[in-house]
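Peer 1: Quick one, what's the 3D model for this:
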Amino acid sequence: MKKLLILLALAAPVAHADQAEDIAALMLNMNGLLCAEVVDLRALEQKNVYEVQCVKYRGGSAEATYMLDMNTGAAWEE
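Peer 2: The predicted structure follows:
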């Protein structure tokens, strides 16, 4: 399933910002990381690696910053 999401994300490089945020949140959640809402999504110098800032819980205020590698689907907390 993770590979399918990566392929979909790479196949649609002109995705709307809200779709990119939804894909990022989904991939983070699939990696066991908490992301109820993406606050900021930034591409890093390393190709296909993004910094994602999220609200961790729905209706909450706790935030976390994650790194997301769209090539491998790997994600980790910064």
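Peer 1: Name the nearest residue to the residue nearest to the spatial centre of the chain, sequence neighbours excluded.
Peer 2: Within the chain, one residue has its C-alpha closest to the average C-alpha position: by CA atoms, centre = their mean, that is residue 24, at 2.3 Å. Nearest residue to residue 24 in three dimensions, chain neighbours excluded: residue 52, at 5.0 Å (CB to CB, 6 or more residues apart in numbering). All C-beta spots, glycine's among them, are computed from the backbone N, C-alpha and C.
Peer 1: how far away is the one you found from residue 61?
Peer 2: 17 Å (CB to CB, to the nearest Å).
Peer 1: Pick out whichever of the two has more residues nearby.
Peer 2: Set residue 52 next to residue 61 and count neighbours by other CB atoms under 10 Å: residue 52 wins out with 24 against 7.
Peer 1: Please, which helix or strand holds the more buried one?
Peer 2: Per DSSP states H and E, residue 52 falls inside strand 49-55.
Peer 1: What mean pLDDT does that strand get?
Peer 2: Averaged across strand 49-55, pLDDT comes to 96.
Peer 1: Tell me which residues of that strand come out buried.
Peer 2: Residues of strand 49-55 classed as buried under the neighbour-count rule (16 or more other CB atoms under 10 Å) are 50, 52, 53, 54, 55.
Peer 1: Which neighbouring elements make contact with it?
Peer 2: helix 17-30, strand 37-43, strand 63-69 (3 or more CB pairs under 8 Å, 6 or more residues apart in numbering; DSSP states H and E).
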